[in-house]
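> structure for this input, please:
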Amino acid sequence: MPTYKTIKIFSSLLLFTLLSGLAITHAQSQNSDSYPVGNPLGLISEGDFQPISSNVNVYGAIHTAESCIYDTERDLIVVPSMASRQNIEQNNAWVSLINTDGTLHTTKWIGVQNPGQRSALSPPLVLNDPLGSEIADGILYFADRDGGTSDSDPTVAVIRRFDLETGTPLDDIRIENSPWINDITVADDGTIYTTQSGDIGPDASSESWRIWEITPDGKISVFSVGEPINVPNGIAIDPDGNIVVVNFGNQDVLTFSPDGNLIKTEQAVQTGSDGIEIMPDGTKYVSSVTQGGISRIRPGESAELIAENIPSAASICYDSGSNQLVIPMTSQSTLGFLPLD
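Model (predicted):
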């Protein structure tokens, strides 16, 4: 038989189940002052954690991920997996840490416990259906929701927050007048902006299309509602501190000033926009979850397609360490990697 210096283990349902089990069994040993999160891949040997051999590359750990965010301190990609929806099993989402070459670092970092164990943690862990994600000032944010356990159980939008270093849950922010939110971004002053995509289709109510603003002191208000936003999805802050929103319902890429005035309208190549990333020079990258393309919009130029036919290209993130876009492919439960010029 041939000898391999590097063993590559590719994801499958069986392998994923096994890895998840190992992650749960070998959760980080804790003292009274720490929060239980998962270890990187490896085993406990003679009471001490030992990492997996450096010549073993493992791929997987993602299940129905809608977004990702690059952690510059760790040089890792943070990926929330929704797993089963609320009407199937409650509170069973988790967060994986992925190396920038796509290999697996930590199977389950946040959410290593099964749903039945999470309420006993201090503080309790709740992570249901995380969509958009963001990192700002050492805090990890997810656009999540409560409810939806049945057709008769109403949902309410919740922003989950975690300490980025320890994985400890912080206080949630509930948006009581919103059934669910999609993407999320945070300005330099700590103001949070999040999109409520609302209704889709010919009978959709434009009143359901909203951008919410949460100030650092906790005041929640509607930043924008109805046209020109049209099923708003991805949202980001540009280098000038403006709020940029991509529409799912058309090709528009909208730039708002912090006081809510529309100051620029650009267009992606395709409709069905989901994610947006903005570079320091103002270049925008937009993913289409329905048509599978990545649009690049350079300042003052028309959009161009730089990648296409990517299945369910969701809320992209930019890995500045490797100068690449990372593309969650929701229907495929995997990530795509697109090097940038």
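> which parts of this structure are helices?
13-25, 115-118 (DSSP state H).
> by mean pLDDT, show me the worst of these.
For the helices of the chain, mean pLDDT drops lowest on helix 13-25, to a mean of 39.
> so where's the chain uncertain?
Where the chain drops to pLDDT under 70, the residues are 1-33.
> from the centroid of it, which residue is nearest?
In the chain, the residue lying closest to the centroid (Cα atoms, centre = their mean) is Ser67, at 2.9 Å.
> gap between it and Cys317?
Applying Cβ to Cβ, to the nearest Å, the value for Ser67 to Cys317 is 7 Å. C-betas here are computed from N, CA, C, even on glycine.
> shared neighbours of these two, which are they?
133, 275 (Cβ atoms under 8 Å, 6 or more residues apart in numbering).
> what lies in contact with stretch 297-312?
253, 266-270, 281-287, 289, 291-296, 327, 329-332, 336, 338.
> how about the contacts made by the nearest residue to Gln251 once chain neighbours are set aside?
Excluding the flanking residues, the one nearest Gln251 by Cβ to Cβ, 6 or more residues apart in numbering is Gln267, at 4.3 Å. The neighbours of Gln267, taking Cβ under 8 Å, 6+ apart as the test, are 251-253, 302-303.
> who does Gln267 form a beta bridge with?
Asp252 (DSSP bridges).
> how much space between it and Gln50?
52 Å.
> re the thing from before, can you say which of the contacts of stretch 297-312 are buried?
Burial by neighbour count, 16 or more other Cβ atoms under 10 Å: within the contacts of stretch 297-312 this picks out 253, 266-270, 284-287, 289, 291-296, 327, 329-330, 336, 338.
> taking these one by one, which sit in strands?
Judged by DSSP state E, strands contain the following of the buried ones among the contacts of stretch 297-312: 253, 266-267, 284-287, 294-296, 327, 329, 336, 338.
> of all those, which two lie farthest apart?
Glu266 and Met329 (24.9 Å; Cβ to Cβ).
> tell me where the stretch 1-150 of the chain has strands.
Ranges of strands within the stretch 1-150 of the chain are 7-9, 42-45, 48-51, 56-58, 69-71, 76-81, 94-98, 104-110, 133-136, 139-146, based on DSSP state E, counting those that start in this stretch.
> I'd like those strands laid out as JSON lines, including distance to Ile214 and mean neighbour count.
Below are these laid out as JSON lines (distance: least, Cβ to Cβ, whole Å; neighbours: other Cβ atoms under 10 Å):
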{"stretch": "strand 7-9", "distance to Ile214": "42", "mean neighbour count": "11"}
{"stretch": "strand 42-45", "distance to Ile214": "39", "mean neighbour count": "12"}
{"stretch": "strand 48-51", "distance to Ile214": "38", "mean neighbour count": "12"}
{"stretch": "strand 56-58", "distance to Ile214": "38", "mean neighbour count": "16"}
{"stretch": "strand 69-71", "distance to Ile214": "18", "mean neighbour count": "21"}
{"stretch": "strand 76-81", "distance to Ile214": "20", "mean neighbour count": "24"}
{"stretch": "strand 94-98", "distance to Ile214": "22", "mean neighbour count": "25"}
{"stretch": "strand 104-110", "distance to Ile214": "22", "mean neighbour count": "24"}
{"stretch": "strand 133-136", "distance to Ile214": "12", "mean neighbour count": "22"}
{"stretch": "strand 139-146", "distance to Ile214": "10", "mean neighbour count": "23"}
